[in-house]
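**Student:** could you work out the structure for the sequence below:
(chains A and B)
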Number of protein chains: 2
Amino acid sequence: MAPLNAELLQVNLNPNPAAPDFDNLVFGQKFSPHMLIIDWNHKTGWGAPQIKPYGPLSLSPAAPALHYASGLFEGMKAYRSTDGSGKIRLFRADKNMERMNRSAARAGLPTFDGDEFVKLIKTLVRIDREHVPHGEGQTLYLRPTLIGTPDTLGMGVPTEAQLYCICSPVGNYYSSGTGSKPVSLLARTDVVRAWPGGTGCYKLAANYAGATRPAMDALLQGYHQVLWLFGPDRQLTEVGAMNLFVVFRDQAEDGDAARYEIATAALDDGTILPGVTRDSILSLLRAYKAGNVQIEGLPKPENLTISERKVTMDEIIEKAEVNQIAEVFGSGTAAVVCSVDKIGFEGVDIPIPIQADGMGTFMRTMLREVTGRQWGAIPCPEWSSVC
Amino acid sequence: MAPLNAELLQVNLNPNPAAPDFDNLVFGQKFSPHMLIIDWNHKTGWGAPQIKPYGPLSLSPAAPALHYASGLFEGMKAYRSTDGSGKIRLFRADKNMERMNRSAARAGLPTFDGDEFVKLIKTLVRIDREHVPHGEGQTLYLRPTLIGTPDTLGMGVPTEAQLYCICSPVGNYYSSGTGSKPVSLLARTDVVRAWPGGTGCYKLAANYAGATRPAMDALLQGYHQVLWLFGPDRQLTEVGAMNLFVVFRDQAEDGDAARYEIATAALDDGTILPGVTRDSILSLLRAYKAGNVQIEGLPKPENLTISERKVTMDEIIEKAEVNQIAEVFGSGTAAVVCSVDKIGFEGVDIPIPIQADGMGTFMRTMLREVTGRQWGAIPCPEWSSVC
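**Tutor:** Numbers count the residues shown, from 1 in each chain, chains lettered A, B, ... in the order given. Have a look, this model is predicted:
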């Protein structure tokens, strides 16, 4: 069984690559000229990696990827350094590889050496480097994907698979703008994204199938995203395809005397995706609280509590009534962070505070701190690496 | 928006069709020479149906079918009549079309005129009629499939889709034989197939992704299938990819004096797939109970109760101890019915009675009554139609 080996890479360059096109960047609609693909089968293991022109896959109409959702993916980005060096960076790619392998194991798909796959992705990005956009907040979005491909309808563990990566120059995930324009949420209990014993804590394709129609319904009702509630106590779990943060304060107004709690759902029951941006935000806040990093704009460390815990709609309603919700925001690779200005629940809209720039204090600060490390403006070698 | 129209069919015959091959039929591994495919897009609707040689799809590596499990399917069969007429039959295709359209609406994929699709499937079966096997219990398995196909990573409702059908000559779904060799079940509470508010009552690809690994684990522990339990009261929901029936009796032995209850999970909470075989079994039993159909081998109608209700592991354990479980079997299109001889739960194996032929009375009777109507031995024009 051959392991994944980046040294076996074969490159077939696109003879007619399209020129970089950064006009009207809508998420995931344009692709760079090349893709990376590696075949696997259960007898021989991983084949020679191929970089070749972006184009359609040739896939059996019986493939388990199509019938049994035998697939999973990651969201990553290549960032053009803001220091003028021309360097292209990845952010915490090791975390994506860890999660991708956990997903693969859960799905009955083959695992692989993440370091080797990152080497190959970096080569792909170097080949398509002119397609990494230059604009603020713009990136080359990377979509590592693993699918089960054998020509059989059998429901067993797939005997063949393809691991691939495609690249899409993107502006801001939300057409309303990354974080600068807040989103409204429709809180729903009638549809459920994930459950204990399911696959919600893995990044499987299957987790997204049930969300398409509820998201469309939310749009038709005038909301941007679904707020996924869970359980009889109506816990806030995720928003759209993002993790969720709620900032509480113990007074009705911001100020030096106020104490703040920033809370997000814990990962312990298997229903929450362990987001890389979620982890980055929690890590930065904890380092700040511990005095290991300076972050301007946050409350004093002694006035800040960082919680991974259950937050229920009852708590949201109760705290909103006394103006003790400071802000709410989502986090994810595509959007980084995304502020929330309204939660519709059982026919009532709960307003969430938003400042004049469309952000809240924590969201604005985290946007600066995370994107600074992603683009290289804030040196962070343990998280950021050059392609 | 053009509706699906069977009259627009274009046929491109396979110039080199393989000869029919019915040796060593393993489920879903061989395919007939032709496939049916119909493209849809959100601007023009359904395109001209195509019957063409079986072969790989050309699919965008960004297709939502691969990333967001935007796909669903049906399981149907073409049966070679046992009356020597050479007629090929479908069974309750209207039920599959109803369910497929419900699945499509839930997945945000396009719906279609099921009667038109059945006309096209019948044409496909007529073209590949030599590939409908002749052996007892053998069929041409039909796999209608609908996938989201646009070349975009956007998470919205797919703007393009493909509806297709492939055909696979099959023997018995389970390598241990349809019903003649019972299966053992590993009852699990740590993994959960479906949840209220999820998609478990629709036949979406997404429902199967989480089952692959638990099924493999069950095999490694010496069991054939997973028995999916749900909730704190450990309700029996489904087995593998089948519905589940439990037959209770009020005495420790079969006999004229015994009263029987046949129970299967109700469809009311959205976690149970509304199986066509499940419905056929319930319909036949209710017609028998009402005196509208004669079925040999069942208890007298007045001694028979037919229930759609919750059955818990506590009830199984309690009734097994006093020998009041008469039999347990699964039902599905692939297997028809499949008897169970053992349920492993929390480290203990609960034996389930099995008669000398590897069946139970209800399972054997239902196998005869359902397959009789499928193959045409028992006339049933409301359920069976000729291609």
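
**Student:** next, residue A:257: phi, psi?
**Tutor:** Backbone torsions of residue A:257, given as degrees, to the nearest 10, read phi -80, psi -10.

**Student:** isn't residue A:144 right next to residue A:103, touching?
**Tutor:** No: using Cβ atoms under 8 Å, residue A:144 makes no contact with residue A:103, being 10.5 Å away. No exception for glycine: its C-beta is placed from N, CA and C like everyone else's.

**Student:** name the residues of the stretch 251-387 of chain A found near chain B, please.
**Tutor:** By Cβ under 8 Å from any Cβ of the partner chain, no part of the stretch 251-387 of chain A sits against chain B.

**Student:** show me the helices in the stretch 251-387 of chain A, by range?
**Tutor:** Taking DSSP state H, counting those that start in this stretch as the test, the helices found in the stretch 251-387 of chain A are A:276-289, A:313-321, A:361-375.

**Student:** show the pLDDT at residue A:178.
**Tutor:** We have a pLDDT of 43 for residue A:178.

**Student:** now do the contacts for the residue in the stretch 1-150 of chain A positioned nearest to chain B.
**Tutor:** For the stretch 1-150 of chain A and chain B, the shortest gap (Cβ to the nearest Cβ) falls at residue A:28, measuring 2.7 Å. By Cβ atoms under 8 Å, 6 or more residues apart in numbering or on different chains, residue A:28 lies in contact with A:141, A:143, A:168, A:170, B:62, B:152-154.

**Student:** what do you get for residue A:142?
**Tutor:** A:74-78, A:90, A:121, A:125, A:165-167.

**Student:** returning to what we had before: in three-state terms, label the residue of the stretch 1-150 of chain A closest to chain B for me.
**Tutor:** Classification of residue A:28 by DSSP: H, G, I helix; E, B strand; the rest coil places it in coil.

**Student:** excluding chain neighbours, what is closest to it?
**Tutor:** Among residues not flanking residue A:28 along the chain, residue B:153 sits closest, at 2.7 Å (Cβ to Cβ, 6 or more residues apart in numbering or on different chains).

**Student:** wasn't the one you found part of a strand?
**Tutor:** No: going by three-state DSSP, the assignment for residue B:153 is coil, not a strand.

**Student:** residues near it, how many?
**Tutor:** 25 (other Cβ atoms under 10 Å in any protein chain shown).

**Student:** same thing with the one 5 residues further on?
**Tutor:** Using other Cβ under 10 Å, the number of residues around residue B:158 comes to 26.

**Student:** that one contacts residue B:151, doesn't it?
**Tutor:** No: counting by Cβ under 8 Å, residue B:158 stays clear of residue B:151, with 10.8 Å between them.

**Student:** buried members of the contacts of residue A:28 into ChimeraX, please.
**Tutor:** Command for ChimeraX that selects the buried part of these, burial taken from 16 or more other Cβ atoms under 10 Å in any protein chain shown:
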select /A:141,143,168,170 /B:62,152,153,154
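
**Student:** list the contacts of the residue lying farthest from the centre of chain A.
**Tutor:** Most distant residue from the mean C-alpha position of chain A: residue A:257, 34.5 Å away (Cα atoms, centre = their mean). Contacts here follow Cβ under 8 Å, 6+ apart; on that basis residue A:257 touches residue A:251.

**Student:** then residue A:372?
**Tutor:** With Cβ under 8 Å, 6+ apart, residue A:372 has these contacts: residue A:378.

**Student:** list phi and psi for residue A:21.
**Tutor:** Note on residue A:21: its backbone torsions stand at phi -140, psi 110 [degrees, to the nearest 10].

**Student:** ok, now which ones touch the closest residue to it other than its chain neighbours?
**Tutor:** Among residues not flanking residue A:21 along the chain, residue A:30 sits closest, at 6.1 Å (Cβ to Cβ, 6+ apart). Residues in contact with residue A:30, defined by Cβ under 8 Å, 6+ apart, are A:21, A:168-169.

**Student:** what do you get for residue A:59?
**Tutor:** Contacts of residue A:59 (Cβ under 8 Å, 6+ apart): A:65-66, A:149, B:56-57, B:59.

**Student:** run through the bridge partners of it.
**Tutor:** Assessed by DSSP bridges, residue A:59 has beta-bridge partners residue B:57.

**Student:** with just CA atoms, put the helix or strand hosting residue A:164 into CSV.
**Tutor:** Applying DSSP states H and E as the criterion places residue A:164 in strand A:160-170. The C-alpha trace of strand A:160-170 is given here as CSV (Å, rounded to 0.1, in the frame of the first residue of the first chain):
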residue,chain,number,x,y,z
GLU,A,160,-11.3,3.4,-4.8
ALA,A,161,-11.1,7.1,-4.0
GLN,A,162,-9.9,10.4,-5.4
LEU,A,163,-8.2,13.2,-3.4
TYR,A,164,-8.1,16.5,-5.2
CYS,A,165,-7.8,20.2,-4.7
ILE,A,166,-9.4,22.9,-6.9
CYS,A,167,-8.7,26.7,-6.5
SER,A,168,-11.1,29.6,-6.8
PRO,A,169,-10.2,33.3,-6.7
VAL,A,170,-12.7,34.8,-4.2
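
**Student:** for whatever helix or strand comes next after it, the distance to its chain's centre please.
**Tutor:** Moving toward the C-terminus from strand A:160-170, the next helix or strand (DSSP H and E) is strand A:183-188. Relative to its parent chain, strand A:183-188 has a centroid offset of 19 Å by Cα atoms, centre = their mean, to the nearest Å.

**Student:** mind giving me the domain split of chain A?
**Tutor:** For chain A, the TED database gives the domain ranges A:6-171, A:179-375.

**Student:** ends of the shortest one, what's the gap?
**Tutor:** Right, the one you point to is domain A:6-171. Taking Cα to Cα, to the nearest Å, domain A:6-171 runs 30 Å from one end to the other.

**Student:** and it, how far from the chain's centre?
**Tutor:** On Cα atoms, centre = their mean, the centre of domain A:6-171 falls 15 Å from that of its chain.

**Student:** and the longest one, by the same measure?
**Tutor:** Taking Cα atoms, centre = their mean, one finds domain A:179-375 lying 13 Å from the centre of the chain it belongs to.

**Student:** just list the residues touching the residue lying closest to residue A:252 once chain neighbours are set aside, thanks.
**Tutor:** Computed as Cβ to Cβ, 6+ apart, the closest residue to residue A:252 that is not its neighbour in sequence is residue A:323, at 4.1 Å. Each residue near residue A:323 by Cβ under 8 Å, 6+ apart is listed here: A:252-253, A:353.
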